[in-house]
Structure formats: C-alpha cells, structure tokens
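Asker: need coordinates for the below:
(chains A and B)
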Amino acid sequence: MTSSYLLQQVLNGLVLGSVYALVAVGFSMIYGIVRLINFAHGDVLMVGAFTAFGILLVFGFPLWAAVLAVLTIGAILAMLIDLVAFRPQRNAPQVNGFITSLGVSILMQNLGILLLSGRPRPFNLPDWLRSNLEIAGARMTVLEVVTVVITLVVLAGLTLFVRGTRLGIGMRATAENPTAARLMGIRVNRAIATAFALGGALAGLAGLLYAGRAGQIHPLMGFVPGLKAFVAAVIGGVGSLVGAVLGGYLLGFAEVLFVGLMPPAYGSYRDAFVFGLLILILLIMPNGLMGRAAEERA
Amino acid sequence: MSLQRHHLAWGLLAAAVVALVAFAEARLSGYERTVMGFAGIYAMLAISLSFSNGLTGLFSLGHPAFMMVGGYVAAILTFPANRKGFMLPALPEWMATLEWSLFPATLAGGVAAAAVAVIAGFPVLRLRGHYLAVATLGLIIILRVVINNADGVTRGALGLNGIPRHTDLWWIFGWLALCLFVCWRLKYSSVGRSLLAIRENEMAAACMGVPRARAKLAAFALGAFFAGVGGALWAHLLTNLTPGSFSITLAFMLVVMVVVGGSGSLIGAAIAAVAITFLSEALRPVEQAVGAYGLVQIVIAVLLIAMLLLRPQGLFASAEPALLRPAPFRARRPRHPSQVEKREV
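Answerer: Take a look at the predicted model:
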C-alpha cells in the first residue's frame, strides 16, 4: 500500500465526512432544541438537490444563484415543516414527533415521485468544478475541495453565531430549558424556528454538494445521507454541534477506510458496518462522544 | 366462572371470523383471498407490535427484520428438497434434504426470530426511545446486507422464489387468533401491568420491583416471535421472498397501524391494520389509472400526520373496546374531574 493511496483514502474520508457533518449539525441542532429526531431532514437535502437542478440545469443560472437558492429553500422548507407538523404537538410525547417526522419524510418522498417522477436524473455541475487537482499524488476534484472548504467555513460561522449572537444565545437557552427561557423573555418559538431554518439551509447546501458528487438525483436520494447523518449525530452525541461535526468526519473516515482497506468482497457490507459501529458506540458511550448524560428522574 | 357479557361478545366475534374465512375459502377469488390473507398477517404483526412497542413503550422499528428471519428460515425448511440442490447450493447437507410442512416451519421461523431478538435485545434494549428506534432500524439494514451476501443459502438479492404456497386463510387467521389470545391474556395479567408500568415510568417500575431488563426482553422477544411467524406466513402466501420487501417503509406502515389504533390497544391495532390494508389495496387501481405512483403512501402519510395532530392517542388509546373487556376493566364513568383516570387500559 503506497502512501499516496492512503492519502487518497484520507481525502475521500474528509469529503464524505464533510457532507455528513453538514447534515448532522442541522440534525443535532434541531434535536438539541426540541428533542426531536427529525427523519425528514434528509428529504430537505433531496429538495435542495432538486432546487439546484432546477436553477442550474433547467434555468441555466450561475452557481452562486443556486447556492443562494438551496440555502433559502432549505431554510423555508424546514421552518414550514416545523410550523405545520411539529409545533402543534410540542407538548406531546417525544415519540409522537419522531413518528410524525417519519410520516413527513414518506410524504415528501412520494410527493417527489408523484410530481418529479422516480426516475433518476443526471446532475452535472459545471466542468470547472469537476476538473481534477493533484495533491501529493492523490486526486481530488475542485468540487471536493470546495465541499471541504465550505463545510469548514459554514461550521465555523455557525459556532460563532450560536456562541455570540443574541439569537444564538436564545437558542442555547431554549435548548437548556424552554420554560425558563420563555420566562426570561426569550421568544422560544422564534429560537426553534431559527434552529430549523439553519438546519434546513445546511441540509439544502449538502443536497447540492451530495448531488454533485453522486452525479444524479432522485426523490429517494435523501434517505441514505439522512440516516447516515443521524448515525453521525448520535455517535457525536445528539444535541452537541461539535459532536455532530466530529461524528460526521469519524463516520466518513470509518466508511471510506472500511471500503478501502477491506478486500473488495466485503465492500457490500458497508452499511452493515455503519450500523454495527453505531450500536457498538452507543453501548460503550450511550450519550455519544460529546453528549451529556441524560438524567433519569422518577 | 359464570358466563359474562364479554364471553358472548368474543364468541360472536370468533364465529363471525370463522364464517368469513369459510366463505372466503369457498367463494372468493385467489386475488381476494390474498388481500384478505395480507390483512390478517398485517393484523397479527400490528397486534404484536402494539404489544411490544405500544404497551411496553419499546419504540422498535425492527419488525421487518424479524419477519425477514422468520420468512427465510421457514422458506428454507419447506423448500422442495429436489430443487434445493441447484437453487441453494451452500445449504448444509442435513438441511438440503429437509422438506417440512407449514406448521413446524412457521414455528421454527418464529423461534428463530425470537432468538435473534434475544441476542440483539441484550445490547439494543439498553438504549431508549429514539436510540432504540435507530438501532433496530440498523438491525433491518444489517440483516438485509447479510441475506444479500449469503446468496448460497438465500439466493441473495435475486430473491427466493418458488416457495410452495402452503398458507391459506385458516392458517393465517388461526395464528392471528393465537397471537391475539396470548397478547390479550398477557396484557390483562400482572405481566401486562409490569410492562405498562415500565412504559409509564421505568424508574418507578424498577422501584416497585419490576425486573425491567427481563420484562423488556421478554416483550421484545414475544413481538419478534409473532413477527417471525408473520414473515413465514407471508413467504408461503406470496411464494417469493426478497430482502428488499422487508423495508423501512414496511416498518413505517406497521408503526402507523399501531399509532392509528392506539399504542397498546390490540384490537385497535388489528382494526387499523385491516383498514389500512384494504384502503391501500382499494387505492392501487386508482394509482395505476391516474399514473400517480406514490399516491397510496401519500394518503397513508397524511392520514398518520392528521391522526397525530388531531387525536394523538389513536382510536382506542391504550384501551380495548368496552364490549370485549372483562368486567373489572370496563370503564366507570368518572364522578368528579379529580377522579378521571389518566389512561384506561
């Protein structure tokens, strides 16, 4: 095994991990603030991919317009889902929200099949994004470099936002204790809507990047990255943003290394490996890498 | 024990079902009997899921995984021995000559599924709520990958076809009755009370001396047993098996049935299962005529979301129809708001 091969695997892991981290952060943020496992998060990614498809390939707008559009559409869609499906049952048991999000996910996938047809469509980004760069014998496309850079920039910005701004502090207070936050004059619903909007925007962006990598889009494409992001968020400790990023990269690396280092015959065991890893980590660290222990009260 | 009103109600219900099955077997077409068979299988799956998920509060999505185990084990056991040689070349010799009949094969399928549930349950049941849901989802994916890759024994992603069509409505509704009987008796026993206590407040239950780990594992394994049986009946009704049929969508459908029926309500789950099966079967021609593929799923998803928003406790909450309940469990009208019980069972 040459060192450039190893470097190539590491870079692949970095790229895959970036996409997972983008989705996982939104997932984790929403969980942190409303204790909701949002299964529909992956489908926001799908809508983001289709938005990019429409803007870039149907209307022929430039790339920056597509980026702006996926961020906006993702944010609006996620807020809308919250408003219609989750807000009315804020006080219901947690499992109800989870089941609702499953329902929303199935609804969106099938609406996608109904309106856009289930047939995969080719999704080709402009050529300059697909050209290869060579880094110490390993190859990356421009898109992959952009993916990693965008992810790091966005995550840094998000951290600053949550740490420093009024709204970000309000979000953290709501995550800590919604009742107390409300008593302190924080607009809890606005904080929650912000979390959904940010998460949705990131998922939309991830949709553009994911579709660009995969080269095709279809209405069911959100399921696998959504599920993987969930696994990443759980590994990192749901509710922790740093944990979600960490979990995303860890999962990306683990997956790439598993496929890259195992004999090819075992490549198809990749998804089993991911979930095996999840169960193992949950057993050793039930709260994930960075999560706080949930208190059990009688 | 004197004859009470609920005995009569059960007797009438049983007679009606027997009459219906007899009529269906004699008069209805193969397609109609298949739809009815699926309704019965779904009812059994929903009842067992309502028992382990609804009553015990273990939010598992793993039913399709257990159906997969049950279905494949039973199908391999009943598969005609003369075709096993070239269809399933990697079978061990002692299995290659077996050709069981339906009943022992379904039983073996159920036991195998329960065994998988016990093995998986040791680690997985320590997780709660969403974590459990995702870990059991993982179980579906892991088992699917294993079956896809063990193609010498299962024919992998190609699917196992040519399974003898042994299942008829008598078998399905017989197993359904057994499942309902077992779950019902357990629900109205001290075991059921323990499980309910775990759902409502696990720590308080543990303080009252409920062996929570063992109770949860037992409820999980019981649910898995009937899921395995359901998978076995399914295999011998449809005559083919692919790992893809036991999808996450199926897990979702079963959860919808439990939620619509009311978490922990056995009869509610059965009614919801039958209603949803017939509804989706009735919508299928519409779907094809309009060319609007995905319509069935959309209707079901909207139904679910509306149900959760408007009546989150489901049709029957955790209770059963009053007519079928033994007298001590029948609802008493609350005399004063302070005496309103939180949940009726």
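Asker: please count neighbours and contacts with C-alpha atoms only from this point.
Answerer: Fine.
Asker: which residue is nearest the centroid of chain B?
Answerer: For chain B, the residue nearest the mean C-alpha position is residue B:45 (1.2 Å; CA atoms, centre = their mean).
Asker: measure the residue lying closest to that one once chain neighbours are set aside to residue B:155 for me?
Answerer: When the adjacent residues along the chain are set aside, residue B:45 lies closest to residue B:227, with 5.7 Å between them (CA to CA, 6 or more residues apart in numbering or on different chains). As judged by CA to CA, to the nearest Å, residue B:227 and residue B:155 stand 22 Å apart.
Asker: neighbour count: the two, which is higher?
Answerer: Using other CA atoms under 10 Å in any protein chain shown, the more surrounded residue of residue B:227 and residue B:155 is residue B:227, with 34 against 21.
Asker: got a list of what that one touches?
Answerer: B:44, B:45, B:48, B:63, B:64, B:66, B:67, B:70, B:110, B:113 (CA atoms under 8 Å, 6 or more residues apart in numbering or on different chains).
Asker: and the fifth one, what helix or strand is that in?
Answerer: For residue B:64, the enclosing helix or strand under DSSP states H and E is helix B:63-78.
Asker: that helix packs against which elements?
Answerer: helix B:102-124, helix B:129-149, helix B:212-238, helix B:248-261 (3 or more CA pairs under 8 Å, 6 or more residues apart in numbering or on different chains; DSSP states H and E).
Asker: single out the most deeply packed of the ones you listed.
Answerer: With neighbours defined as mean count of other CA atoms under 10 Å in any protein chain shown, these peak in mean count at helix B:212-238, which reaches a mean of 26.
Asker: any residue of stretch B:101-121 touching chain A?
Answerer: No. Shown here: stretch B:101-121 not in contact with chain A (CA under 8 Å from any CA of the partner chain), separated by at least 10.1 Å.
Asker: quick one: contacts of that stretch?
Answerer: B:66-67, B:69-75, B:77-78, B:166-167, B:217, B:220-229, B:231-233.
Asker: gap between that stretch and the chain center?
Answerer: 14 Å (CA atoms, centre = their mean, to the nearest Å).
Asker: now it: mean pLDDT?
Answerer: Stretch B:101-121 shows a mean pLDDT of 93.
Asker: repeat for stretch B:210-227
Answerer: Stretch B:210-227 shows a mean pLDDT of 92.
Asker: got the buried residues for the one helix or strand residue B:173 maps to?
Answerer: Using DSSP H and E, the element containing residue B:173 is helix B:169-187. Buried positions in helix B:169-187, judged by neighbour count with 16 or more other CA atoms under 10 Å in any protein chain shown: B:169, B:171-173, B:175-177, B:179-180, B:183-184, B:186-187.
Asker: and the angle for that helix with helix B:212-238?
Answerer: Helix B:169-187 runs at 170 degrees relative to helix B:212-238, counting by axes from the mean of the first three to the mean of the last three CA atoms, to 10 degrees.
Asker: have a look at chain A and report its longest helix.
Answerer: As assigned by DSSP state H, the longest helix anywhere in chain A is helix A:3-34.
Asker: buried sites along that helix?
Answerer: Within helix A:3-34, the residues scored as buried using 16+ other CA under 10 Å are A:7-34.
Asker: about what we covered before: how far does the helix holding residue B:64 sit from the chain's center?
Answerer: With CA atoms, centre = their mean, you get 13 Å for helix B:63-78.
Asker: pLDDT on that helix, on average?
Answerer: On average, helix B:63-78 scores 93.
Asker: compute the inter-axis angle for it and helix B:129-149.
Answerer: Using the same axes, to 10 degrees: helix B:63-78 against helix B:129-149 is 30 degrees.
Asker: using CSV, write down the CA coordinates of the helix or strand immediately after helix B:63-78 in the chain.
Answerer: Sequence-wise, the next helix or strand downstream of helix B:63-78 (DSSP H and E) is helix B:81-87. C-alpha atoms of helix B:81-87 as CSV (Å, rounded to 0.1, in the frame of the first residue of the first chain):
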residue,chain,number,x,y,z
ALA,B,81,-35.8,-30.9,-1.5
ASN,B,82,-35.4,-31.8,-5.1
ARG,B,83,-34.8,-28.2,-6.1
LYS,B,84,-32.7,-27.2,-3.2
GLY,B,85,-29.6,-28.6,-4.8
PHE,B,86,-29.3,-26.1,-7.6
MET,B,87,-31.3,-23.2,-6.0
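Asker: tell me which other helices or strands helix B:81-87 touches.
Answerer: helix B:93-96.
Asker: pLDDT averaged over the helix it packs on - what is it?
Answerer: Per-residue scores along helix B:93-96 average to 76.
Asker: from the middle of its chain, how far away would that helix be?
Answerer: 30 Å.
Asker: with just CA atoms, put that helix into PDB.
Answerer: C-alpha atoms of helix B:93-96 as PDB (Å, rounded to 0.1, in the frame of the first residue of the first chain):
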ATOM      1  CA  GLU B  93     -26.300 -31.400   3.900                       C
ATOM      2  CA  TRP B  94     -28.800 -32.100   6.700                       C
ATOM      3  CA  MET B  95     -30.800 -29.100   5.700                       C
ATOM      4  CA  ALA B  96     -30.700 -29.800   2.000                       C
END
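Asker: so residue A:227 makes contact with residue A:42?
Answerer: Yes. Applying CA atoms under 8 Å as the test, residue A:227 and residue A:42 come out as touching, 7.3 Å apart.
Asker: brilliant, that's me finished.
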